[in-house]
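J.: kindly return the folded structure for what I paste below:
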Amino acid sequence: QVQLVESGGGLVQAGGSLRLTCAASGPTFSMYGMGWFRQAPGKEREFVARIIWSGGSTDYADSVKGRFTIFRDYAKTAVYLQMNSLNPEDTAVYYCAYQTRSGHYEYWGQGAQVTVSS
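T.: Residues are numbered from 1 along each chain as shown. Now for the predicted structure:
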């Protein structure tokens with residue numbers, strides 16, 4: 001069973017930065033990509049960013065382009081989300097997710113709270 005452990009959430013003022021980390025363990029041979037999603041109170045979970053594990057290509061939600069960067073450490077089987085220029089609308093629980101070659105996100109982290117104060 002693949003396990004994902006997230007860290008790095010917290011409270012930050014608007015305009016500040018945070019970096020989230022997601023470390024994967026277990027049988028990760030089926031990994032195609034790793035993604036970040038978020039869910040704000042009263043809202044549905046939404047896609048934030050994704051990185052293809054082999055090759056490193058990325059894609060982002062329009063709302064975070066130019067502010068957030070997803071990158072990976074291949075040796076550590078870890079993925080990171082660098083978040084800059086944060087604003088209160090970025091407040092949410094952030095989840096990392098493991099994507100298999102089927103395209104589905106099969107495994108999820110426990111979530112990391114990010115709170116941006118105005």
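J.: pull the residues that contact stretch 27-46.
T.: Identification of contacts with stretch 27-46 by CB atoms under 8 Å, 6 or more residues apart in numbering yields 1-2, 20, 22, 24, 47-53, 61, 70, 72, 77, 79, 81, 89-101, 103, 105-106, 114. For glycine as for every other residue, the C-beta is placed from the backbone atoms N, C-alpha and C.
J.: stretch 111-118 too?
T.: 6-14, 16, 18, 20, 38, 83, 86-95.
J.: out of the residues you listed, which sit inside strands?
T.: 6-7, 10-13, 18, 20, 38, 83, 92-95 (DSSP state E).
J.: of all the residues you listed, which comes closest to Q110?
T.: Set against Q110, the nearest of the ones in strands among the contacts of stretch 111-118 by CB to CB is E6 (6.3 Å).
J.: does the closest one touch Q110 like I think?
T.: Yes: taking CB atoms under 8 Å as the definition, E6 is a contact partner of Q110 at 6.3 Å.
J.: what bridges to the spatially most central residue of the chain?
T.: With distances taken as CA atoms, centre = their mean, W36 lies nearest the centre of the chain, 2.7 Å away. Assessed by DSSP bridges, W36 has beta-bridge partners A49, C96.
J.: one more: S117?
T.: Bridge pairing for S117 - DSSP bridges - gives Q13.
J.: tally of neighbours for it?
T.: 11 (other CB atoms under 10 Å).
J.: follow-up on the earlier one: how much space between the residue nearest to the centre of the chain and T58?
T.: 11 Å (CB to CB, to the nearest Å).
J.: common neighbours of the two, please.
T.: With CB under 8 Å, 6+ apart as the test, W36 and T58 both reach A49, R50, I70.
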